[in-house]
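Peer 1: pasting the structure only:
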């Protein structure tokens, strides 16, 4: 079959890539452009032990362990995404949703090792204008410089794993928006291209020292942990895909919006708590050290924004939708978290509450708005990550003084535009070649049977509703 | 409608409060009474950097990171409460239960920032007799004193977020006991008052340096991490509310006890494991530093008490109820955890096993007893938190030598009595004004439809049982 | 009834044991053979405080906190096992599966304190040939030597709790393989004997300084975090039990394999993510310090092997089983994790990907193979832990240079053989005495009703399929 052919090709390419990377690892010149590899006259262990005996090794060791724990916390966000998305989807598409999320984290870690990390932290070559750099296999022979404070407050391996956990997030966001009708193989190809190639490009613009760092002298663009670089990026990729893909069958009929209910609110709630938990690593780890003042401030702003977001959306939905809506409450928490992500280290706790509250209110109206214009997003990913990602980036200027408004606006729109255009083109090409949507019959029957031949809950009879 | 009016009022009040707090933040005098704010002649960053260059910065940085991680672990207990409670409830009330728990953590964090933290750690004013202190917005302009070891082994922000995660717990305990028939709006008002005002009062009696610290010279009351201040407090609030509220319809019919079964044992089990996990932060963080001996002892006593609690309740229920009961096993683990919480840092591992074992046995009989006297507590919260909270406080004296028995008895009863009386009065006033119980029709149909217009599992047909 | 008699006996024995341990704790000589107990002339606190004032206290404190956090992460693996196993089982056996897992962690912690820890870290007596050592109650009066760097990079309590969390894992692995037909009481007795007595024996061979450490001069056996000592041990115990127990009714009918489907894929997915998360503590903590280079390398190799395992099994199952199978993807992640466990600190990231990829491919064929030879393993535990455990141990030699192949082969086969023989004998004795299997009627009706008189999902009608 066709699908198999494409995927076999993908597998073979990956394998070939991997082999090259593995074999070449020892001879490769230092590919991590950020690291000035110096001739290592003394053997590794000796130099490393010497560093570990210095007084500064203590702060380095704490920071390193904190970033590794933060990486583990960001990892668990992938369970959060998987459960939010499957909880808010129908039971007949649950295996498919879980499969996509399992695939994304596996694929994301591997491709970030093979290409992404070195493409994102590039130390841009002359003439590249801070826009694009080539990637490559991330690993080189360990040197003292890369494993001690000479590199950063953490080792190069810690840097990689912390950033790798972030990378797959973009595709996970898209996964939620296109759920319940996207063709599995096409989504897998799209997600691979998005995570491997597109994410490191915009990522490098800011975190890799690219043009967003250099274009505004004395008024640098600020995106602490990725309101734009991760969330708006994912949200606008999601918007592009949903436009290409179209709404689920039966969602908009005769000019009316027919709600399609999620099948398990406990699953969705578990997901949001996991995301909230993981965000302490996402934002707290983005301090990039164990600095007591900054990490504790970030914990406080993150938690208060999330709480205010939940309050904002609970009461907004209560007043305007007449009922205290659980899924709106959950999305409000996520909105608050996305909103504070750009400014978690520079905003005050009071500002964090304001940002979270506004994001929580905003997300309710945004979800209602996208539904009105027939952008069918089963989990509200475009509103939560796209809209609140932009708002959060602007909030750095609106509620603090770390960056000017225009810089923030240019930055976030550039990132969103790149992500939107890249996704639109790639997903459109997939649409006209192998197709991006399952057949109407498969959509009606559910993707679990159609794509996987498996049911999520074989013991329970589905209702006839 | 009426409900909306009350909640709109609550929202507006909160907003007004918030605005005051935000705007006033910069000019406010140092409200955190525990901190001796000194004139900050040098700018913050300079003094902070100077401290971070000292040798003592290492232990401070480790302790601070540990407390932040502990705060994250305590946070995940709220997911534990949400899933235990919804798992042990019926499917028709699941959205309602999840909603309450989502609301509580959001509300708790915000009100603790607005009022609770400064009410609980007050440095009581002259003449207040260590009984009551006013709260206020927690944040002030950062000073070196509050962000370094001059304050504690952690920053003031860390102190806030660690304590804030505890605060909402009290209401969560009540939530379980009143589940499946409580009116949502009334519960939300009650929970807000309990967490915002009542919890910091008893909390300040012991942890804020209040009368429980000063009333017994040379024989101080000891409640390490809150067997009384958190758990018995919540358990007795729950008891008061259940008395006011009455049992669920159909629970006690013609003098017989009709079990109302929980709808998802996996959900309940996930919850207990999450609580067990979170307790390592709850107790381990309460060491208030990274002291290797104490933190590791606390991990050992906590884990062994939980395990012994599980064993105690499994075999007790097997012998007396004839079947090895999973929910009793789960409650036994929680009983052991609540039991060890007061003495986790002073009891030996052998004593911890004894305390856990007894708590695990006790909880089985307590649950049976409350059912006999028609106190309908769907999740066993009164027994787990109330009864075992008192037992755990007394166990500090019975199995160790850190405090005398009478002091422990007076302390735990004072806290339980305050919580009971406060809750009884407030909940009774709510009963006679806006009502605390849903209509019999709504109770029969389920609170998910009645209060939220949502179902937790719309894809699955409920059985007709 | 018979069952009760056996369990009462077990309870009484445990209690007696406990009492002895508790009472004897103070007079007991230093039982932890690894610790050279010296006469403690200065009181504990004074000596401890003196150590904490030294420069080396910083690294000690960080390492100690990291190992405690790692212990908490390993703890959450027990939730992972509980949810994977119940998700892949039928809904009618869910309470039983959850109960077993709750029992195992409780029992495991207690018996490891009473016997296992001191049996595993023995400092073998003269003439014992590094094969067997007696256990005893783990705790003694704290001394400076056992709570500071004189003992290790962590306190003796930390050592205990980190190792205790590992101990119960072996029984959990077996639990999955024998699920859906094993008699509860027999399993509980078997699990208790396996965890208490058998696990510490093979554990001591390598980690306790036993014969695997001394038998191969200059070519030591290497099993970093337990591909053999934990996973192959559990996997081969599972194989022995399944052989004694036989397949589930209806699994192999008329020479055909009839798949028995798991009842909740979200539950299984939650479990695998929890295990993946916990493995960062399992492997990362096994560095036994916070060494920045090693811990970060271990995080990278662990994550990449897991991801490669998932990719390997997803594409293998897609090609050979025709469908992208979620449960194969999940098992592939676990296979990759088990595979890297022996060499996570010595293999390169490229080798980790290769090991994970092969383990992920291997597990698919292994699961198919065991099904062909009518070894009925509902969760694939024998393949994931047994087969990939052996492969992982050999991979240390095949993909790295830390140990020679023959040493690895002898080591892993010795451990697997001991576990298999011990389990076969004990489980066979249980079979011919009290029986190991529920009645055919109970198996058909489900163990939840038969063993526990409880249902996991009483609100939902099971389908008639």
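Peer 2: Done, it's in. The structure displayed is predicted, hence computed values, not measured ones.

Peer 1: Spatially, which residue comes closest to the closest residue to chain C within the stretch 301-450 of chain A, not counting chain neighbours?
Peer 2: When distances are taken as CB to the nearest CB, the stretch 301-450 of chain A reaches nearest to chain C at residue A:448, 8.4 Å away. No exception for glycine: its C-beta is placed from N, CA and C like everyone else's. Of all residues not flanking residue A:448 in the chain, residue A:95 sits nearest, at 4.0 Å (CB to CB, 6 or more residues apart in numbering or on different chains).

Peer 1: Quick one, grab the pLDDT at that neighbour.
Peer 2: In this model, residue A:95 is scored at 98, pLDDT.

Peer 1: Centre of the chain to the helix or strand hosting it, how far?
Peer 2: Assigned by DSSP states H and E, residue A:95 belongs to helix A:94-111. With CA atoms, centre = their mean, to the nearest Å as the basis, helix A:94-111 stands 13 Å off its chain's centre.

Peer 1: repeat for stretch A:254-264
Peer 2: Offset of stretch A:254-264 from its chain centre (CA atoms, centre = their mean): 27 Å.

Peer 1: Also stretch A:204-213?
Peer 2: Centroid displacement of stretch A:204-213 relative to its chain, using CA atoms, centre = their mean, is 17 Å.

Peer 1: residues making contact with it?
Peer 2: A:34, A:119-124, A:129-133, A:200, A:220-221, A:223, A:228-229, A:411, A:414-415 (CB atoms under 8 Å, 6 or more residues apart in numbering or on different chains).

Peer 1: looking at it, residue A:196 is touching residue A:115, isn't it?
Peer 2: Yes - between residue A:196 and residue A:115 there is a contact under CB atoms under 8 Å: 5.4 Å.

Peer 1: shared neighbours of these two, anything?
Peer 2: Both residue A:196 and residue A:115 are contacted by residue A:135, under the criterion CB under 8 Å, 6+ apart.

Peer 1: on that earlier part again, give me the distance between the residue of the stretch 301-450 of chain A closest to chain C and residue B:229.
Peer 2: Using CB to CB, to the nearest Å, we find residue A:448 at a distance of 48 Å from residue B:229.

Peer 1: where along the stretch 251-400 of chain A do the helices fall?
Peer 2: A:265-284, A:292-321, A:326-340, A:349-372, A:381, A:388-398 (DSSP state H, counting those that start in this stretch).

Peer 1: Now the element after the last one, going C-ward?
Peer 2: It refers to helix A:388-398. Once helix A:388-398 ends, the next helix or strand along the chain (criterion: DSSP H and E) is helix A:405-433.

Peer 1: And chain C, is the following helix or strand past that following helix touching that?
Peer 2: For helix A:405-433, the following helix or strand on the C-terminal side (DSSP H and E) is helix A:440-445. No - using CB under 8 Å from any CB of the partner chain, helix A:440-445 stays clear of chain C, with a minimum separation of 13.3 Å.

Peer 1: following helix A:440-445, which helix or strand shows up next?
Peer 2: By DSSP H and E, the next helix or strand past helix A:440-445 is helix A:447.

Peer 1: Which parts of the stretch 151-300 of chain A are strands?
Peer 2: With DSSP state E, counting those that start in this stretch applied, the stretch 151-300 of chain A shows strands at A:252-253, A:256-257, listed in chain order.

Peer 1: what sits up against the first one?
Peer 2: Outside strand A:252-253, the residues that touch it by CB under 8 Å, 6+ apart are A:258, A:374, A:376.

Peer 1: One more: the last one?
Peer 2: Among residues not part of strand A:256-257, those counted as contacts by CB under 8 Å, 6+ apart are A:251, A:371, A:372.

Peer 1: tally of neighbours for the residue nearest to the second one when sequence neighbours are not counted?
Peer 2: This points to residue A:371. Closest residue to residue A:371 apart from its sequence neighbours, by CB to CB, 6+ apart: residue A:257 at 5.4 Å. Neighbour count of residue A:257, defined by other CB atoms under 10 Å in any protein chain shown: 14.

Peer 1: Distance of residue A:257 relative to residue C:63?
Peer 2: As judged by CB to CB, residue A:257 and residue C:63 stand 57 Å apart.

Peer 1: Same check on residue A:458?
Peer 2: Counting by CB to CB - residue A:458 and residue C:63 are separated by 47 Å.

Peer 1: More neighbours: those two, which one.
Peer 2: Using other CB under 10 Å, the more surrounded residue of residue A:458 and residue C:63 is residue C:63, with 25 against 19.

Peer 1: got the contact list for that one?
Peer 2: If you count contacts by CB under 8 Å, 6+ apart, residue C:63 has them with C:153, C:154, C:288, C:289, C:290, C:291.

Peer 1: Please settle this for me: is it part of a helix?
Peer 2: Yes - per DSSP: H, G, I helix; E, B strand; the rest coil, residue C:63 lies within a helix segment.

Peer 1: Grab the nearest non-local neighbour of it.
Peer 2: Closest residue to residue C:63 apart from its sequence neighbours, by CB to CB, 6+ apart: residue C:153 at 3.9 Å.

Peer 1: contacting residues around that neighbour?
Peer 2: C:59, C:60, C:63, C:64, C:67, C:288, C:289, C:290 are the contacts of residue C:153 under CB under 8 Å, 6+ apart.

Peer 1: Looks like the first one contacts residue A:58 (just checking).
Peer 2: Right, the one you point to is residue C:59. Yes - with contact defined as CB under 8 Å, residue C:59 reaches residue A:58; the gap is 6.7 Å.

Peer 1: Just the closest of the contacts of residue C:63 to chain B, please.
Peer 2: Taking CB to the nearest CB as the measure, chain B lies nearest residue C:154 of the contacts of residue C:63, at 7.1 Å.

Peer 1: Find the nearest non-adjacent residue to that closest one, please.
Peer 2: Per CB to CB, 6+ apart, closest to residue C:154 is residue C:64, 4.3 Å.

Peer 1: on that earlier part again, export the helices of the stretch 251-400 of chain A to TSV and append columns for distance to residue B:243, mean pLDDT and mean neighbour count.
Peer 2: Below are the helices of the stretch 251-400 of chain A laid out as TSV (distance: least, CB to CB, whole Å; pLDDT from 0 to 100; neighbours: other CB atoms under 10 Å in any protein chain shown):
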stretch	distance to residue B:243	mean pLDDT	mean neighbour count
helix A:265-284	29	98	26
helix A:292-321	29	97	27
helix A:326-340	29	98	32
helix A:349-372	36	97	24
helix A:381	45	97	30
helix A:388-398	44	98	28
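
Peer 1: Which among the ones you listed is found nearest to residue C:397?
Peer 2: With CB to CB, the closest approach to residue C:397 among the helices of the stretch 251-400 of chain A belongs to helix A:265-284: 35.4 Å.

Peer 1: ok so, going back, between the contacts of residue C:63, which has the most around it?
Peer 2: Neighbour count (other CB under 10 Å) singles out residue C:154 as the most crowded of the contacts of residue C:63, with 30 neighbours.

Peer 1: Might you report the residue contacts of that one?
Peer 2: Applying CB under 8 Å, 6+ apart, we find residue C:154 in contact with B:292, B:296, C:60, C:63, C:64, C:67, C:68, C:162, C:288, C:289.

Peer 1: Please list all residues in contact with the fifth one.
Peer 2: Just to be clear, that refers to residue C:64. Listed by CB under 8 Å, 6+ apart, the contact partners of residue C:64 are B:290, B:292, B:295, B:296, C:153, C:154, C:155, C:158.

Peer 1: How about the first one?
Peer 2: Listed by CB under 8 Å, 6+ apart, the contact partners of residue B:292 are C:52, C:60, C:61, C:64, C:65, C:147, C:148, C:154, C:155, C:158.
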